[in-house]
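Visitor: build me a model:
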Amino acid sequence: MNVLKHQCFHLQIKPLHLKSIQQEEEPSSSLVIENHILPLNLKILKIWHLRNLTWIAFAAVLMMIIPLQSIAFAESSYDINIPSGSADRDSPFHWSSEKDGDTSGFIEIIVNDTVFWKNGDMATHTVTSGTPLNGPDGIFDSGKIVPGKFFVQKFTEVGEFPYYCTLHPWRTGLVSVVSGHSYLPNVGSDFGDGANVFDLEYKFNRLVDRASIDESAKSISFELKGNTINDDNTLTLFLPSALISGISRVSVDGAMTEEFTQEFEDEITVLVINEVPPDAKSITVTGTAIVPEFGTIAAMILAVATISIIAVSARSRLGIMPRI
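Guide: Numbers count the residues shown, from 1 in each chain. Modelled structure (predicted):
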């Protein structure tokens, strides 16, 4: 019996030798060994499972502790297709922009945007900067784009860039690159625990100075400052759905206006407010949901509490297991 206990202790240290030792013992002894080892293996398995579960939960907490800043803007890319039959001078159209459906070859983008010209025709084409009258200007040139291939160009400067096909010079187009949009940083930093922060993109002829969030009204108010720099009094706001969603009302200096439209692009609401008075002091946007106040700190506390409950529960189950 003392020998059997010694072998059980040896098996706990080197379980890989279990098969060879069991082969040396009597069948009855092997049965006793298995009865002693099985509960221990179950306990080890539970401990291993608990350890892995704890590490996974700990990693999730770390991810929530790290402050994340949501960026509400990004560089964009656009496709202009060269349709079938566009080599024919009499074709009804020679380009097809996926941005807005334009078929004239014109596209307006902002600085650092990229344009892809994709050849869907059976003929070879080029996309060459310049005009048929003056020839190439050397800014960009695709060379020959065979059927099924494409040419890509990134525009890093403001300006207008005419282009044409040197093989079919009646095919002309224009890329208009504008300066882009302005940004209102740290929207949401003074709300809740400050974990949900956005750099808000907008386009306006004045300065949008700051944003205030009203949780009870589910609204965001923007202060307008400065003098107008042009006659375009349209304010365009790019609002992430994580900041505000379900926009139903817009007010200018406290008075409701119906002069607005909205579109949705990749979790962003593009809100266009027309005819904003040059002397307006504020814009208020109201939705059905506003950025949640339940942020990182609360989520972290909940996660830690969950881990503690799991750990205590698992230890309790381990404590009632039969001892060897």
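Visitor: all contacts plus neighbour counts: C-alpha atoms, from now on.
Guide: OK.
Visitor: these two touch, right, N119 and K144?
Guide: No: using CA atoms under 8 Å, N119 is not in contact with K144; the gap is 10.3 Å.
Visitor: ok, which stretches of the stretch 101-250 of the chain are strands?
Guide: In the stretch 101-250 of the chain, the strands defined using DSSP state E, counting those that start in this stretch lie at 106-110, 114-119, 128-131, 135-141, 150-154, 159-164, 172-178, 182-187, 197-203, 207-214, 219-225, 235-240, 244-245, 249-252.
Visitor: counting by contacts, list what the fifth one packs against.
Guide: Spelled out, that is strand 150-154. If contacts are counted by 3 or more CA pairs under 8 Å, 6 or more residues apart in numbering; DSSP states H and E, strand 150-154 sits against strand 114-119.
Visitor: can you name the residues in contact with the strand it packs on?
Guide: 75-83, 125, 127, 145-155 (CA atoms under 8 Å, 6 or more residues apart in numbering).
Visitor: that strand pairs with which strands, parallel or anti?
Guide: Counting by DSSP bridges, the strands paired with strand 114-119 are strand 77-82 (parallel), strand 150-154 (antiparallel).
Visitor: what's near enough to touch the closest residue in space to S282 that isn't next to it in sequence?
Guide: Nearest residue to S282, sequence neighbours excluded (CA to CA, 6 or more residues apart in numbering): E223, at 4.6 Å. Neighbour list for E223: 208-211, 281-283 [criterion: CA under 8 Å, 6+ apart].
Visitor: G85 too?
Guide: By CA under 8 Å, 6+ apart, the contact list for G85 reads 91, 94, 121-122.
Visitor: what about P92, neighbour count?
Guide: Using other CA atoms under 10 Å, P92 has 10 other residues around it.
Visitor: secondary structure class for it?
Guide: Here P92 is recorded as coil under DSSP: H, G, I helix; E, B strand; the rest coil.
Visitor: so how far is G120 from it?
Guide: Taking CA to CA, to the nearest Å as the measure, P92 falls 15 Å from G120.
Visitor: then S142?
Guide: Taken as CA to CA, the span from S142 to G120 is 15 Å.
Visitor: low pLDDT regions in the stretch 1-150 of the chain?
Guide: Applying pLDDT under 70 to the stretch 1-150 of the chain flags residues 1-75.
Visitor: circling back: buried only: go through the contacts of G85 for me.
Guide: Buried residues within the contacts of G85, defined by neighbour count using 16 or more other CA atoms under 10 Å: 94, 121.
Visitor: same list, the contacts of G85, but as JSON lines with distance to P136 please.
Guide: Output for those, formatted as JSON lines (distance: CA to CA, whole Å):
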{"residue": "S91", "distance to P136": "24"}
{"residue": "H94", "distance to P136": "19"}
{"residue": "D121", "distance to P136": "23"}
{"residue": "M122", "distance to P136": "24"}
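Visitor: and the contacts of G85, which is closest to P132?
Guide: H94 (15.4 Å; CA to CA).
Visitor: the closest residue to that closest one other than its chain neighbours: what's it in contact with?
Guide: Of all residues not flanking H94 in the chain, S86 sits nearest, at 4.6 Å (CA to CA, 6+ apart). By CA under 8 Å, 6+ apart, S86 lies in contact with 93-95, 121.
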